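[1] Provided below for reference: sequence and predicted model.
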Amino acid sequence: MRKAAAGWGQAPKRGINRTMPDTALVMMLVAAPAIGSFLGTLVLRLPEGQPVVAARSACPHCHHPLAAWDMVPLLSWLLLRGRCRHCGAAIGAFYPGMELAALGIAAAAVMLVPAAVVPWSCLLGWALLALALIDRRAFLLPDVLTLPLLALGLAATAVLDTEALPAHLAGAGLGWLAFTLLAAGYRALRGREGLGGGDAKLLAAGGAWLGWPALPAIMFGAAVLGLAEVLMRRLQHYPLTLNQRERISCCSFNRLQSNIRSDDSIRTDIALGGGGHRSDEPIAFGTWLAAAIWLLWLFGVPGA
Ligand SMILES: [Zn+2]
């Protein structure tokens with residue numbers, strides 16, 4: 001049995017599965033790479049305040065205008081082996097990556113949610129993809145994306161499960177309130193910003209899509225993913241060999257006393273807490289909020 005998307009009830013709605021023709025599902029999959037290409041332009045240009053209307057229309061290297069054929073998602077990149085047809089400059093994997101990611105989101109929706117929910121799920125997933133990457137690149141969650149996403153969540157609820165609308169309205173309000181209060185508390189305690197205002201609006205959007213009971217799961221999921229990133233960064237920045245780790249853990253005190261080589265002493269210092277990920281190094285928390293919202297939408301809130 002297919003699991004219902006988390007926000008709209010305990011069990012899938014009867015008869016909702018076949019209200020959307022399969023051709024419409026195929027259309028979502030066919031459109032996905034082109035939408036991914038547009039999202040790529042959005043991710044690159046929105047934080048810089050550049051116009052987003054036209055997708056890439058010229059080669060960034062030789063500025064030769066691209067023909068329609070050059071802009072066929074995925075296929076053109078594969079056929080030209082990632083190079084510009086005119087100057088031969090490497091085009092890079094960013095756009096094909098975006099096209100694949102958008103396709104993956106549509107495919108996940110088709111496989112995991114009832115057919116009538118697929119178009120809504122695609123819109124949610126594509127918007128979250130753009131937000132996640134913009135926050136990662138620019139530490140920014142633009143209102144022009146979060147606020148329409150919030151409204152869209154309420155619209156989806158009104159269409160798919162009207163009775164749940166109060167719970168989703170409460171989700172939007174409480175989500176915004178939770179992070180706004182948390183940010184105010186952090187500011188009062190530490191004297192600096194811990195959470196951006198964009199995070200509160202994204203959590204509000206998550207509440208609008210999933211309903212207020214999902215808010216703790218969204219916040220917990222995002223926190224776990226964010227902590228995992230902190231741990232990964234520590235491991236990547238300071239790769240210790242197994243041998244070094246053993247020596248440090250066994251006899252770090254002795255090694256600090258002895259005449260050790262300078263690079264070893266730096267590593268020892270790090271392993272003892274003298275370095276690594278500093279607590280004020282920013283994490284793009286919106287990226288993990290977006291990921292948590294998407295996973296909970298697809299797989300449901302545990303225990304709900
Ligand atoms: Zn070129």
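    On my side now, so go ahead. Numbering: from 1, shown residues only.
[2] For the stretch 1-150 of the chain, just list every one of the strands.
    With DSSP state E, counting those that start in this stretch as the criterion, the stretch 1-150 of the chain has no strands.
[3] so where's it shaky on pLDDT?
    Along the stretch 1-150 of the chain, segments meeting pLDDT under 70 span 1-21, 53-57, 71.
[4] where exactly do the helices run in it?
    22-45, 75-79, 94-112, 118-138, 143-160 (DSSP state H, counting those that start in this stretch).
[5] Deepest-packed of those helices, please.
    With neighbours taken as mean count of other CB atoms under 10 Å, the helices of the stretch 1-150 of the chain reach their highest mean count in helix 118-138, at a mean of 22. C-beta here means a position set from N, CA and C on the backbone, and glycine is covered the same way.
[6] what about the spatially most central residue of the chain, distance to the ion?
    Residue closest to the mean C-alpha point of the chain, counted by CA atoms, centre = their mean, is residue 132 at 3.3 Å. Distance from residue 132 to the ion, counting by CB to the ion, to the nearest Å: 29 Å.
[7] Also residue 203?
    42 Å.
[8] Show the pLDDT at that residue.
    The model reports residue 203 with a pLDDT of 97.
[9] Leaving out sequence neighbours, find the closest residue to it.
    residue 175 (4.0 Å; CB to CB, 6 or more residues apart in numbering).
[10] if I pick the residue nearest to the centre of the chain, what's in contact with it?
    284, 286, 287, 290, 291 (CB atoms under 8 Å, 6 or more residues apart in numbering).
[11] among the residues you listed, who's most crowded?
    Within these, most neighbours by other CB atoms under 10 Å means residue 290, with 31 neighbours.
[12] which residues touch it?
    With CB under 8 Å, 6+ apart, residue 290 has these contacts: 128, 129, 131, 132, 135, 202.
[13] Just the C-alphas of whichever strand or helix holds it, formatted as CSV.
    Using DSSP states H and E, residue 290 maps to helix 285-299. Taking C-alpha atoms only, helix 285-299 is exported to CSV below (Å, rounded to 0.1, in the frame of the first residue of the first chain):
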residue,chain,number,x,y,z
PHE,A,285,20.5,25.4,8.1
GLY,A,286,17.9,26.1,5.4
THR,A,287,19.5,23.4,3.3
TRP,A,288,18.7,20.8,5.9
LEU,A,289,15.3,22.2,6.7
ALA,A,290,14.5,21.8,3.0
ALA,A,291,15.8,18.2,3.0
ALA,A,292,13.8,17.3,6.2
ILE,A,293,10.6,18.8,4.8
TRP,A,294,11.0,16.8,1.5
LEU,A,295,11.8,13.5,3.3
LEU,A,296,8.9,13.9,5.7
TRP,A,297,6.5,14.7,2.8
LEU,A,298,7.5,11.6,0.9
PHE,A,299,7.8,9.1,3.7
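[14] Which residues belonging to it are considered buried?
    Neighbour-count burial for helix 285-299, counted by 16 or more other CB atoms under 10 Å, picks out 285-298.
[15] Taking those residues, tell me the two that lie furthest apart.
    Farthest pair in these (CB to CB) is 285 and 298. Separation: 20.6 Å.
[16] Mind putting the buried residues of helix 285-299 into JSON lines with pLDDT?
    Compiled in JSON lines, the buried residues of helix 285-299 are given as follows (pLDDT from 0 to 100):
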{"residue": "285", "pLDDT": "93"}
{"residue": "286", "pLDDT": "95"}
{"residue": "287", "pLDDT": "96"}
{"residue": "288", "pLDDT": "97"}
{"residue": "289", "pLDDT": "97"}
{"residue": "290", "pLDDT": "98"}
{"residue": "291", "pLDDT": "98"}
{"residue": "292", "pLDDT": "98"}
{"residue": "293", "pLDDT": "98"}
{"residue": "294", "pLDDT": "98"}
{"residue": "295", "pLDDT": "97"}
{"residue": "296", "pLDDT": "97"}
{"residue": "297", "pLDDT": "97"}
{"residue": "298", "pLDDT": "96"}
